[in-house]
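>>> no sequence on hand, only this structure:
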């Protein structure tokens, strides 16, 4: 491997995404629980860059919010969307004094893998190149810019589809929009970019040709696969990218020892952890920020929402929904139940149709259920409320807010009242 140089990343996320016909910034649309741009930031983070600069413009506040909690990111503003070269130029002040390799990526390429970025950097360093363009060969180049090569297969230039001749449009090797540039060359070249083209924009794709004309080394590096480097510009492409990402996530879990009974009906987001020996049954959705222990069972038809923790051996079954709920070891909630804003102990059984009524119309409140509790079918627990260890609620009981159930008590009725006191421990 060639000698390593410092790396910085510039992620372009200023565009509007007009083909989605939405006022929402394109890169803020979610794929598997994360906004598109966060997937790109996460892939870059594995390279341990000296700095990551995200260029924002349209809907900048939404894009910034989409990256909340995604790690250290610097934002640069592209005041007017005058093309990709203009966007990169907006990022350069944030890289002042940086001497290394600048990766330029698009915020709408959510499937890009860290391994692909590493391969691009390695090829760039081995060649001692000024610029390296990640390319891929497609059956149909469509709207993408084409890689024009010379008689010796050397890189000549990139031509955008709207500016290409019929012969150039027949080229199948396309530009993915991912680049590695040497910082010392990028700034001077980008100032030489003009806008005499069909779009009247300043194209970043002109920079490699400018560097080549200055006698510097420029190359196009083939990507390993096409699906991870193609951009998302329509809702159909968003759905397709989501399906590919889900497949990748499911394979990762199954490889790690999680049984996924029917991958075709199972959705698992990014930001989920699942322990070995857990079974995920058909028609189950597990959203981001969920922790599931070892030996659990989830589904079928379960909806596990953010903030849920299932401790080892817990079971969540048919049409059970959880949100910000901690479910203790070997506790079961098998049927038609909602557990929101709840902390539940170990070896407890939650009967069919149980509801933790966590919202009073203004605020959410907590329900606490102890160890070895038996919650009868159809019980409603109106938060805030606590059910002590070894207690039991009868079928259809409504335990009202603030009327805690003491350890070992048995309560029934509407509102619930004690019919047997527990022993003091």
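Cool, the structure landed. Owing to the predicted nature of the structure, the values given are computational and were not obtained by experimental measurement.

>>> isn't residue 112 right next to residue 40, touching?
Yes: Residue 112 is in contact with residue 40 according to CB atoms under 8 Å; the separation is 6.4 Å. Any C-beta I mention is one placed from the backbone N, CA and C, and that applies to glycine too.

>>> more neighbours, these two?
residue 40 (30 against 23; other CB atoms under 10 Å).

>>> so how far is the strand ranked longest in the chain off the chain centroid?
Identified as the longest strand of the chain according to DSSP state E is strand 173-182. Chain-centre distance of strand 173-182: 23 Å, with CA atoms, centre = their mean, to the nearest Å.

>>> go on, stretch 19-34?
Remark: stretch 19-34 is offset 12 Å from the chain centroid, using CA atoms, centre = their mean.

>>> averaged pLDDT, that stretch. What do you get?
On average, the pLDDT along stretch 19-34 is 91.

>>> do the same with stretch 309-316
On average, stretch 309-316 scores 98.

>>> residues shared between the contacts of residue 112 and residue 40?
Common neighbours of residue 112 and residue 40, counting by CB atoms under 8 Å, 6 or more residues apart in numbering, are residue 105.

>>> that older thread, for whichever helix or strand comes after the longest strand of the chain, buried residues please.
Per DSSP states H and E, the first helix or strand lying C-terminal to strand 173-182 is helix 183-190. Using 16 or more other CB atoms under 10 Å as the test for burial, helix 183-190 gives 183, 185-186, 189-190.

>>> and which of the residues you listed is nearest residue 421?
For those, the closest approach to residue 421 (CB to CB) belongs to residue 183, at 74.6 Å.

>>> ok, the closest one touching residue 101?
Yes: Residue 183 is in contact with residue 101 according to CB under 8 Å; the separation is 7.1 Å.

>>> joint contacts of the two?
By CB under 8 Å, 6+ apart, the residues touching both residue 183 and residue 101 are residue 8.

>>> longest helix in the protein, please.
For the chain, the longest helix by residue count, based on DSSP state H, is helix 235-255.

>>> which residues are contacting that one?
Outside helix 235-255, the residues that reach it (CB under 8 Å, 6+ apart) are 20, 29, 31-32, 36, 39, 110-111, 227, 230-232, 260, 263, 266-270, 272, 274, 280.

>>> that older thread, tilt between the longest strand of the chain and helix 183-190?
Using axes from the mean of the first three to the mean of the last three CA atoms, to 10 degrees, the inter-axis angle of strand 173-182 relative to helix 183-190 is 120 degrees.

>>> which of the contacts of helix 235-255 fall in strands?
Among the contacts of helix 235-255, the members falling in strands (DSSP E) are 31, 260, 267-268, 272, 274, 280.

>>> domain map for this protein?
Domains of the chain are assigned by automatic domain parsing as 7-229, 243-420.

>>> end to end on the shortest one, go ahead and measure it.
It refers to domain 243-420. End-to-end distance of domain 243-420 (CA to CA, to the nearest Å): 53 Å.

>>> please, which helix or strand holds residue 343?
Going by DSSP H and E, residue 343 is in strand 338-344.

>>> which element follows that strand toward the C-terminus?
Next in sequence after strand 338-344, counting helices and strands by DSSP H and E, comes strand 349-350.

>>> just how off-centre is that following strand within its chain?
On CA atoms, centre = their mean, the centre of strand 349-350 falls 33 Å from that of its chain.

>>> that one pairs with which strands?
Note on strand 349-350: by DSSP bridges, its sheet partners are strand 332-335 (parallel), strand 374-375 (parallel).

>>> show me how far the last one is from its chain's centre.
The gap between where strand 374-375 is centred and where its chain is centred comes out at 37 Å by CA atoms, centre = their mean.

>>> next secondary structure after that strand?
That would be, after strand 374-375 and using DSSP H and E, strand 380-382.

>>> now do the next helix or strand after that following strand, average pLDDT.
For strand 380-382, the following helix or strand on the C-terminal side (DSSP H and E) is strand 385-387. Confidence for strand 385-387, expressed as mean pLDDT, is 98.

>>> what comes into contact with strand 385-387?
By CB under 8 Å, 6+ apart, the list of residues contacting strand 385-387 reads 367-370, 373, 375, 381, 393, 399-405.

>>> immediately after that strand, which helix or strand?
As assigned by DSSP H and E, the chain's next helix or strand after strand 385-387 is strand 392-393.

>>> so what touches that following strand?
373-376, 379, 381, 387, 399, 405, 409-412, 416.

>>> adjacent strands (with direction) for it?
Strand 392-393 pairs in its sheet with strand 374-375 (parallel), strand 410-412 (parallel), by DSSP bridges.

>>> what's the lowest-pLDDT member of the contacts of strand 392-393?
Lowest pLDDT of the contacts of strand 392-393: residue 416, 93.

>>> show me what contacts that residue?
The contact partners of residue 416, by CB under 8 Å, 6+ apart, come to 393-394, 397-400, 403, 405.

>>> restrict the residues you listed to the buried ones and give me that as a ChimeraX selection.
In ChimeraX syntax, the buried subset of those is picked out as below (16+ other CB under 10 Å):
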select :393,394,397,398,399,405
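
>>> measure the residue nearest to residue 109 when sequence neighbours are not counted to residue 401 for me?
Among residues not flanking residue 109 along the chain, residue 231 sits closest, at 5.4 Å (CB to CB, 6 or more residues apart in numbering). Taking CB to CB, to the nearest Å as the criterion, residue 231 is separated from residue 401 by 51 Å.
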